[in-house]
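K.L.:
Here is a sequence with its predicted model. Questions after.
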There are 2 protein chains.
Amino acid sequence: MADRPPYLVIASAIRARIASGELAPGDRVPSTRALTREWGVAMATATKALATLRQEGLVRPEPGVGTVVVRQSAHGSGPAASALSRERIVRAALDIAIAEGLPGLTMRRVATALSTSTMALYRHVPGKGELVRLMTDVACGEVPLGPVPADWRTGLERAAHWLRDVYTRHRWMAQAMASFTRPIASPNAMAYTEWVLKVLRGTRLGPGDKLHVHLMIFAFVQGIAMAADLEEQAKQDSGISDDEWMSQNESRFDAIAGPGDLPLLHTLAAEGDFELDLDSLFAFGLRRTLDGIAALIDETSA
Amino acid sequence: MADRPPYLVIASAIRARIASGELAPGDRVPSTRALTREWGVAMATATKALATLRQEGLVRPEPGVGTVVVRQSAHGSGPAASALSRERIVRAALDIAIAEGLPGLTMRRVATALSTSTMALYRHVPGKGELVRLMTDVACGEVPLGPVPADWRTGLERAAHWLRDVYTRHRWMAQAMASFTRPIASPNAMAYTEWVLKVLRGTRLGPGDKLHVHLMIFAFVQGIAMAADLEEQAKQDSGISDDEWMSQNESRFDAIAGPGDLPLLHTLAAEGDFELDLDSLFAFGLRRTLDGIAALIDETSA
DNA sequence: ACCTGAACACCGTTCAAGT
DNA sequence: ACCTGAACACCGTTCAAGT
């Protein structure tokens, strides 16, 4: 007992306070910062403790509030457990994937969230692969694309933002990747492709180039989405943010990227007075991409 | 026995012919097409049978030749098994990942390839995560980038092709994604970033924009790489190619994308007279991307 | 008709025990 | 010093058995 890893000891302590009712559903559990003070541990350890509880479904991060205790509706006398359905399964799976990414999505976990046995899921869904496919389709169907603008540039801009928003709401999708070469994968993803093609209707681009334009934007957004998901995953795994990680490893960074080896990168890191987040990268890249496409469209119609 | 899945029956039959020596190392095993005729099964089944044998390391696809029997050096009197080392482990892991993608890479599989126990690996490598990181670094270090050209456009073009080539040789990297926000991940990946920054030295872009240019190209290539890996994975899993898949599912495609629902996409699919492969998408996208960056550089220096 | 427990064939990794 | 077997805590999925 004495030798258990500190993060487990901390997690147990909080778990006990929840079980005893001292911390009720909706209450905030101590923040990571509070835990570092209270237990004299590093941020990484405190975050890992909370991550453990979140993994168990006991607590949930509430943006702008902190980490709060989850209502234990499953075993209590909550709303009568409705009948299992494909829709409810997909919904539960989406909630898990949104919160914890695709690695956190397991059939057992979905079953637990719906308080059934794992195997009951297989009555409504042939397997995990198909479940992810269904999730993708739902994710692409959440927000309508709206009417197609007359101007191709406005249209492509809107399309790219729509896609980026889907990936932002569903960062797990970066790993799943909505298939655009295999249409059956998702009718809603296909509807997006159709929308983009409609946007380009007025241009004189050939059919192949229209598809290229669509896929080029898609690849770019997908690449950014992967970076975002990886970052978030690393953050959740290690419990340290990118910034913290950077400063923690500055010495190691210097070791491989001393002024001698990678001078430009080193200067860039040392200055660090520019914004480097994925949102601004998206804005930057989209602008250049559209400029490049504009050049093609201009020369095509000339 | 009679009820075993056909692909396992076929695999066993071939396995027996290898064991008996009828098929010696280097010999071609029957092609998938030959198997479909011989056993009266679908292509998917034949491919799955061969995939099973490849999984076991018994056979190996030899490009331009067919599937050939692998020399069983491990148990035979082959070259004396050299001592385990981090380098040999990374090399073996790379071979597996290249052949079968990241899902096929397991610690047990690496150990088997090196004829040791799984746990012996942990003496040289702290875990799978670090192994993949080391693999990424090796992959990025295989081909030198060469001298930095004076012209930024030539430089970026070369950089993008270099990156694309890395991903082509190592399609598994699409899933691992070389981290460019976390430099420690790979010195060789960092060297690439440095190279790109050097390419942009002559331009008047700000430090943030230089990084944006680099990451924009990276995201695009990464997105294409993911598509390529997914396609290959699906091909290996199901044993059917994209074309075959498309024609098999044409009716299903028509169902969701009849002329009424997705008319443009439908027309595109019906015509199909354009090239849609990832290489041409890469060429197209790179051209537009560089045009867009040119527009920015022009206005910046004006 | 619907659900489930036990089991299978896997994972990555820990740990105590071997040589 | 180096390697290993057994075990742990997981996966997705099959299947026979329950209600």
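P.N.:
Done, it's in.

K.L.:
Contact partners for the most centrally placed residue in chain A?
P.N.:
Residue closest to the mean C-alpha point of chain A, counted by C-alpha atoms, centre = their mean, is A:Arg171 at 2.1 Å. Listed by C-beta atoms under 8 Å, 6 or more residues apart in numbering or on different chains, the contact partners of A:Arg171 are A:98, A:101, A:225, A:228-229, A:232. Glycine gets a C-beta too; all of them are placed from N, C-alpha and C.

K.L.:
Okay, now the unreliable bits of the stretch 151-300 of chain A?
P.N.:
Within the stretch 151-300 of chain A, the stretches with pLDDT under 70 are A:178-184, A:237-260, A:272-276.

K.L.:
number of nearby residues for A:Glu157?
P.N.:
18 (other C-beta atoms under 10 Å in any protein chain shown).

K.L.:
Ok, the one 10 residues further on next?
P.N.:
Here the number of neighbours of A:Tyr167 (other C-beta under 10 Å) works out to 22.

K.L.:
The helix or strand encompassing it packs against which elements?
P.N.:
Following DSSP states H and E, one finds A:Tyr167 within helix A:152-169. Packing partners of helix A:152-169 (3 or more C-beta pairs under 8 Å, 6 or more residues apart in numbering or on different chains; DSSP states H and E): helix A:128-141, helix A:173-176, helix A:187-199, helix A:207-238, helix A:278-301.

K.L.:
tell me the angle the last one makes with helix A:207-238.
P.N.:
Orientation of helix A:278-301 against helix A:207-238 (axes from the mean of the first three to the mean of the last three C-alpha atoms, to 10 degrees) gives an angle of 170 degrees.

K.L.:
Need the per-residue pLDDT for A:Asp27.
P.N.:
Predicted confidence (pLDDT) for A:Asp27: 70.

K.L.:
Grab the nearest non-local neighbour of it.
P.N.:
Leaving aside its sequence neighbours, A:Asp27 sits nearest to A:Val69 (C-beta to C-beta, 6 or more residues apart in numbering or on different chains; 5.1 Å).

K.L.:
So for A:Leu230, what's the nearest residue that isn't a sequence neighbour?
P.N.:
Per C-beta to C-beta, 6+ apart, closest to A:Leu230 is B:Met177, 5.8 Å.

K.L.:
Go ahead and confirm that neighbour touches A:Asp229.
P.N.:
No: using C-beta atoms under 8 Å as the test, B:Met177 is too far from A:Asp229 to be in contact (9.2 Å).

K.L.:
Wait, A:Ile14 touches A:Arg28, no?
P.N.:
No: applying C-beta under 8 Å, one finds A:Ile14 not in contact with A:Arg28, separated by 11.2 Å.

K.L.:
distance of A:Gly127 from B:Met177?
P.N.:
From A:Gly127 across to B:Met177, the span is 26 Å (C-beta to C-beta, to the nearest Å).

K.L.:
neighbour-wise, which of those two wins?
P.N.:
Neighbours per residue, other C-beta under 10 Å: of A:Gly127 and B:Met177, the larger number sits with B:Met177, 19 against 11.

K.L.:
contacting residues for that one?
P.N.:
For B:Met177, the contact set (C-beta under 8 Å, 6+ apart) comprises A:226-227, A:230, B:222.

K.L.:
please redo it, this time with the cut-off set to 10 Å
P.N.:
By C-beta atoms under 10 Å, 6 or more residues apart in numbering or on different chains, the residues touching B:Met177 are A:174, A:223, A:226-227, A:229-230, B:136, B:185, B:218, B:222, B:225-226.

K.L.:
Can you name the residue of the stretch 1-150 of chain A nearest chain B?
P.N.:
Going by C-beta to the nearest C-beta, chain B is nearest to A:Gly129 of the stretch 1-150 of chain A, at 9.2 Å.

K.L.:
Could you check how many residues crowd around that residue?
P.N.:
Counted by other C-beta under 10 Å, the residues lying close to A:Gly129 total 11.

K.L.:
Same check on A:Ala11?
P.N.:
By other C-beta under 10 Å, the residues close to A:Ala11 number 23.

K.L.:
That one contacts A:Ala51, doesn't it?
P.N.:
Yes: with contacts counted by C-beta atoms under 10 Å, A:Ala11 reaches A:Ala51, the gap being 8.8 Å.

K.L.:
Which of the three states applies to A:Ala83?
P.N.:
Here A:Ala83 takes the coil state, with states given by DSSP: H, G, I helix; E, B strand; the rest coil.

K.L.:
if I look at it, how far off is A:Asp291?
P.N.:
With the distance defined as C-beta to C-beta, A:Ala83 ends up 53 Å from A:Asp291.

K.L.:
Looking at those two, which has the bigger crowd around it?
P.N.:
Remark: of A:Ala83 and A:Asp291, A:Asp291 carries more neighbours, 19 against 6, as counted by other C-beta under 10 Å.

K.L.:
Was I right to think that one contacts A:Phe284?
P.N.:
No: with contact defined as C-beta under 10 Å, A:Asp291 does not reach A:Phe284; the gap is 11.0 Å.

K.L.:
quick one: A:Asp229 from A:Gly292, how far?
P.N.:
A:Asp229 is 26 Å from A:Gly292, by C-beta to C-beta.

K.L.:
Can you pick out the residue with more neighbours from the two?
P.N.:
Neighbour count, other C-beta under 10 Å: between A:Asp229 and A:Gly292, A:Gly292 has more, with 24 against 20.

K.L.:
give the contact list for that one.
P.N.:
So A:Gly292 contacts A:213, A:216, B:284-295 (C-beta under 10 Å, 6+ apart).

K.L.:
can you rerun that using 8 Å?
P.N.:
By C-beta under 8 Å, 6+ apart, A:Gly292 lies in contact with B:287-293, B:295.

K.L.:
now those residues in TSV, with distance to B:Asp165?
P.N.:
Formatted as TSV, the contacts of A:Gly292 follow (distance: C-beta to C-beta, whole Å):
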residue	distance to B:Asp165
B:Arg287	17
B:Arg288	20
B:Thr289	17
B:Leu290	17
B:Asp291	22
B:Gly292	23
B:Ile293	21
B:Ala295	27
